[in-house]
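*Asks:* structure, please.
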Amino acid sequence: MPNNSPEPVATLIIVDDHPLFRGAMRQALSGGLDAGMAGIGPAAILEAGDFAQLQAQLLETPDIDLVLLDLSMPGVSGFSGLMALRAEHATMPVVIVSASDDPATIRRALELGASGFVPKSAGIETIREAISSVLRGDVWKPADVDLASETDPEIADILSKLSTLTPQQTRVLSMISRGLLNKQIAYELSVSEATVKAHVSAVLQKLNVDSRTQAVIQLSKLGSDAIGDHSIG
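*Replies:* The predicted structure is shown next:
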């Protein structure tokens, strides 16, 4: 009997360390997209329980159309995962789905390259609207959140410094924040330790800090509201 189901027009990956939340998201999105939500059509939906699984999925399926990323899970903390994805996959939209949904966190996520931010407390229709909007090339944020310019001068300064990093330097900073040593970073990036040391030196110089620890502290200031975000609500 022929299969008349339409071919998926988009491939999404849900990245969250809670299987129940991933399952709920998959069910909600499958139903909405299969119904032709917003003209997008059906989607193929993948899952990853941590950042390492996400990276493996991206190697196996390089044509991912959209990543739905929790801010904090095994392998990442705060915005380090988002920064790594933006550095490695510059054209792939990333939507943050997080329980930490205060205006400062949302604003910083968007400034660091997220294509959207959806609170975990949002209803199914809102989640579907956000994803369809981003798949059409728009940036989506909660309508009732004031995203005025960063009011904390220290945070604004850190964001400005981060914007000067090259993609490779951003990847190195993300790996430093995950506790990787130079030789581990060299292995991950397939470069020499000498090259990694040069990148680390450049990162420290651009961030105007003297050590890896100080660089991590700078980065953690952006994501302090997101650390420990493990809600499935």
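
*Asks:* which residues of the chain fall in helices?
*Replies:* 19-34, 51-60, 80-88, 103-111, 124-135, 153-162, 167-177, 182-189, 193-207, 212-222 (DSSP state H).

*Asks:* out of those helices, which gets nearest to A44?
*Replies:* Proximity to A44 (Cβ to Cβ) singles out helix 19-34 among those, at 9.5 Å. In short, each C-beta sits where N, CA and C put it, glycine included.

*Asks:* and the spatially most central residue of the chain, how far from K221?
*Replies:* Most central in the chain under Cα atoms, centre = their mean is L82, positioned 3.1 Å from the mean C-alpha point. According to Cβ to Cβ, to the nearest Å, L82 and K221 sit 15 Å apart.

*Asks:* do the same with R212
*Replies:* Applying Cβ to Cβ to R212 and K221 gives a distance of 15 Å.

*Asks:* look at these two and report which has more neighbours.
*Replies:* R212 (17 against 14; other Cβ atoms under 10 Å).

*Asks:* now that one. Nearest residue, chain neighbours left out?
*Replies:* I176 (5.3 Å; Cβ to Cβ, 6 or more residues apart in numbering).

*Asks:* cool, and D101?
*Replies:* P119 (3.7 Å).

*Asks:* what's across from that neighbour in the sheet?
*Replies:* S98 (DSSP bridges).

*Asks:* what number of residues lie near it?
*Replies:* 21.

*Asks:* quick one: residues contacting it.
*Replies:* Taking Cβ atoms under 8 Å, 6 or more residues apart in numbering, we find P119 in contact with V97, S98, A99, D101, P142.
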